[in-house]
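Enquirer: got a predicted structure plus its sequence, pasted below:
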2 protein chains.
Amino acid sequence: MSIDTNIPRALWFDDDRDSLVVVDQKQLPFRYELVHLTSYKECILAIQDMTVRGAPVIGATAAFALYFAFVQHGYSSAFSIASKAIREARPTAVNLMFAIDTLLKNINSKTSKLDVLNLAKQYAEKDVQDCFLIGEHGLKIIEALYAKKQDTIHILTHCNAGYLATGAHGTATAPIYAAHKKGIPVHVWVDETRPRNQGANLTAWELQKNKVDFTIIADNTGGHLMQHQMVDLVIVGSDRTTANGDVANKIGTYLKALAAYDNQIPFYVALPTSTIDLSIKNGVNEIEIEQRDARELTHIKGIDKNQIIQEVQIFPNHAKVANYAFDVTPARFVTGLITEKGVVAAKKESIHALFKK
Amino acid sequence: MSIDTNIPRALWFDDDRDSLVVVDQKQLPFRYELVHLTSYKECILAIQDMTVRGAPVIGATAAFALYFAFVQHGYSSAFSIASKAIREARPTAVNLMFAIDTLLKNINSKTSKLDVLNLAKQYAEKDVQDCFLIGEHGLKIIEALYAKKQDTIHILTHCNAGYLATGAHGTATAPIYAAHKKGIPVHVWVDETRPRNQGANLTAWELQKNKVDFTIIADNTGGHLMQHQMVDLVIVGSDRTTANGDVANKIGTYLKALAAYDNQIPFYVALPTSTIDLSIKNGVNEIEIEQRDARELTHIKGIDKNQIIQEVQIFPNHAKVANYAFDVTPARFVTGLITEKGVVAAKKESIHALFKK
């Protein structure tokens, strides 16, 4: 099987050159550079230095890294050592370990190089398929809005839940790309998404690359736009969704949900069902919110007047900073969940029903 | 009359050196530099290059500029030309024109240099007095919370409504400084406040200077903190308040009001009654929201690794950007207005009663 290269991807395998091609996300949005990875050690480095980022993309890179290790060492103790090194490239990336474990289950002394390559391709393709289906289901929501309005549909999104994070299509962006492909006029309000600016740096970049109309705004702006009927729909991604439909996502998502609710604007969350955690009910009480390095807030990358990428410190040294990475949007503010299995209400019964399908 | 120099000021008159001393706000938060202005031309330049900023501070600088023009030219046609030049230093600054007009009304051929100096000092002092009274009235709210909680009161604020914008005390910060002075333990969550970062650059700087405990957060963070009982009170400033109590303030204020409301946290707005516009009722419908230069979003100042202040471009050139400066918080989300005449409900009747006092 070979990956459809007609849709934009964060990574793909180049059969002719026997290499994994990845978009160097460190350089975005200022430079678009493709990097060819041809050994497992190069893959590990790309994961560690954030050339690739986004959990599914990291997982897929690890799957191809395992293929390179197999090519180099065959089914041997050296291969086993290499697979361990890949597995530990970034300690907190669950997808990384999951990818390695999934592939290793199917590799033994009789497995050929081509078999391992196909396993890696299948692994990467599963994520892409889920995102494609999210796009198809979400498309119906946009189509319904467009049938009524007969004018450009303005969609607000927060952070990057796009193809750069997921391999292809994205989650929150999948319905947008599907609508754009179908010829429905869409315009996206892209929250800058402090800290780390994934909206301005990644979402805006990929929308532009795909010729989808967009405007970057400060995270403070969405409420004002919603008060003035300038937003028809909000779609965001999710890092973790509870059995009751509470949604943990990039910090600030909750504020946009409140504004959507106050202005009666539909607020949807796009997610693969694999990110639903049935063991948790109340998101606000039960999900511990990670605090990240203050440097994400105090420092920022840009280009200086000589077009050189530079990092500058934007707060003074004395400043005490808190950097909470996520917040939880209670289910009562969520209009619906867009999953690969269909669109459902953010309610206990509907969510449980998804897993019986 | 002479200005009390025991409280921190954005500007003051140095009688010994016959000069106006201003904090160079262009250098904040990285450098604290005082600039001595000794002629009206220097004052105009300071207004134009944003050495001074904040409408009341600009107004006060203009008042002292008029004094310098009077010293230089006496009551003459040259003085008249100079006063016109000051009046036009920045075309959109209403306080600037108001300051010049207020002083000119009281200047004639018999006025002495000392008279003009005292008029300028009085003009500057009126703003400071209003802010002082806002602090005294707002203090009671913090005292009441402290009497119940008997532990640190956590106050969230947005943008800079501090002494750097108003001469002394500030509006939103005045009750905080008053509480701190009284020994009530307070801690301030400072919204970074994109774009322009007035929270991180100015509010944090002045709180630190006054030894008030604070933490800078991304604008996205306040909702999460409120969900977790980490905020006891929100106080913000206002650029314009309607007869019905709707509040126009820095973009993003509305989102914080929504979160405070959802979590039953008191949300107060501190303002001099001079910023209440009785001719307007519905803020969302009637107040036109200014769009500002995209550069405020696309570029940011910081210090590079050599400690040099540098401006970098943080979004790519292709990015379309919208920069709305303010939003309107509907009165139904406002717990009360803290004015120099007392604390009142954000309601038509209470607001009208203020003007009968």
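Expert: Nice, thanks for sending it over.
Enquirer: distance of residue A:136 relative to residue A:174?
Expert: In this view, residue A:136 and residue A:174 are 8 Å apart by Cβ to Cβ, to the nearest Å. Yep, even glycine has a C-beta here, placed from its N, CA and C like the rest.
Enquirer: ditto for residue A:148
Expert: 22 Å.
Enquirer: who's more crowded, these two?
Expert: residue A:174 (30 against 9; other Cβ atoms under 10 Å in any protein chain shown).
Enquirer: show me where pLDDT drops low in the stretch 51-200 of chain A?
Expert: Within the stretch 51-200 of chain A, the stretches with pLDDT under 70 are A:91-94.
Enquirer: for chain B, what's its nearest residue on it.
Expert: Chain B sits closest to residue A:194 of the stretch 51-200 of chain A, with a gap of 4.3 Å, by Cβ to the nearest Cβ.
Enquirer: please name the residues that touch the nearest residue to that residue once chain neighbours are set aside.
Expert: Distances taken as Cβ to Cβ, 6 or more residues apart in numbering or on different chains place residue B:218 nearest to residue A:194, at 4.3 Å, with adjacent residues excluded. Contacts for residue B:218 (Cβ atoms under 8 Å, 6 or more residues apart in numbering or on different chains) come out as A:194-195, A:219, A:251-252, A:297, A:323, B:191-192.
Enquirer: which SS class is the most centrally placed residue in chain A?
Expert: In chain A, the C-alpha nearest the mean C-alpha coordinate belongs to residue A:165, at 3.3 Å (Cα atoms, centre = their mean). Following DSSP: H, G, I helix; E, B strand; the rest coil, we place residue A:165 in the helix state.
Enquirer: wait, it sits on residue A:53?
Expert: Yes. Between residue A:165 and residue A:53 there is a contact under Cβ atoms under 8 Å: 7.4 Å.
Enquirer: what does the stretch 251-357 of chain A have sitting close to chain B?
Expert: Residues of the stretch 251-357 of chain A lying close to chain B (Cβ under 8 Å from any Cβ of the partner chain) are A:251-252, A:254-256, A:258-259, A:262, A:284, A:289, A:297, A:299-305, A:310-316, A:318-324, A:326-328.
Enquirer: list the buried residues of the strand or helix carrying residue A:118.
Expert: Using DSSP states H and E, residue A:118 falls within helix A:113-149. Of the residues in helix A:113-149, A:116-117, A:119-121, A:123-128, A:130-135, A:137-139, A:141-142, A:145-146 count as buried by neighbour count, 16 or more other Cβ atoms under 10 Å in any protein chain shown.
Enquirer: now do the closest residue to residue A:208 other than its chain neighbours against residue A:142, distance only.
Expert: Leaving out its chain neighbours, the residue that sits closest to residue A:208 by Cβ to Cβ, 6+ apart is residue B:318, at 5.4 Å. From residue B:318 over to residue A:142 the distance is 24 Å, taken as Cβ to Cβ.
Enquirer: just residue A:74 next, same as before
Expert: 50 Å.
Enquirer: just residue A:35 next, same as before
Expert: 34 Å.
Enquirer: over to residue A:60?
Expert: For residue A:60, the distance to residue A:142 - Cβ to Cβ - is 28 Å.
Enquirer: ok, residue A:324 touching residue B:224?
Expert: Yes. Residue A:324 is within contact range of residue B:224, at 5.4 Å (criterion: Cβ under 8 Å).
Enquirer: so where does residue A:255 fall, helix or strand?
Expert: Using DSSP H and E, residue A:255 falls in helix A:253-262.
Enquirer: oh, that last question was meant for residue A:188, not what I typed.
Expert: Assigned by DSSP H and E, residue A:188 falls in strand A:186-191.
Enquirer: list the pairing partners of that strand within its sheet, with orientation.
Expert: Here strand A:186-191 is paired, per DSSP bridges, with strand A:153-157 (parallel), strand A:213-217 (parallel).
Enquirer: now do the first one: everything it contacts.
Expert: Think strand A:153-157. A:142, A:145-146, A:172-173, A:176, A:179, A:184-191, A:199, A:203, A:222, A:225-226, A:230-236, A:256.
Enquirer: so what's the gap between it and the chain middle?
Expert: In this view, strand A:153-157 has its centroid 18 Å away from the chain centroid, taken as Cα atoms, centre = their mean, to the nearest Å.
Enquirer: near chain B, list only the ones from the buried residues of helix A:113-149.
Expert: Within the buried residues of helix A:113-149, nothing lies near chain B by Cβ under 8 Å from any Cβ.
Enquirer: now the strands for the stretch 251-357 of chain A?
Expert: For the stretch 251-357 of chain A, the strands defined by DSSP state E, counting those that start in this stretch cover A:267-270, A:276-277, A:299-303, A:309-313, A:326-329, A:336-339, A:342-344.
Enquirer: how about the ones you listed in a markdown table, adding mean neighbour count and distance to residue A:10?
Expert: Formatted as a markdown table, the strands of the stretch 251-357 of chain A follow (neighbours: other Cβ atoms under 10 Å in any protein chain shown; distance: least, Cβ to Cβ, whole Å):
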| stretch | mean neighbour count | distance to residue A:10 |
| --- | --- | --- |
| strand A:267-270 | 26 | 17 |
| strand A:276-277 | 18 | 23 |
| strand A:299-303 | 19 | 19 |
| strand A:309-313 | 17 | 20 |
| strand A:326-329 | 27 | 22 |
| strand A:336-339 | 26 | 20 |
| strand A:342-344 | 18 | 25 |
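Enquirer: what residues does the stretch 101-250 of chain A have near chain B?
Expert: Selection of the stretch 101-250 of chain A residues close to chain B by Cβ under 8 Å from any Cβ yields A:189, A:192-195, A:197, A:200-201, A:204-205, A:208, A:213-225, A:227-228, A:250.
Enquirer: re earlier: burial count for the residue nearest to residue A:208?
Expert: By other Cβ under 10 Å, 10 other residues sit near residue B:318.
Enquirer: pLDDT wise, what is it at?
Expert: As predicted, residue B:318 sits at a pLDDT of 75.
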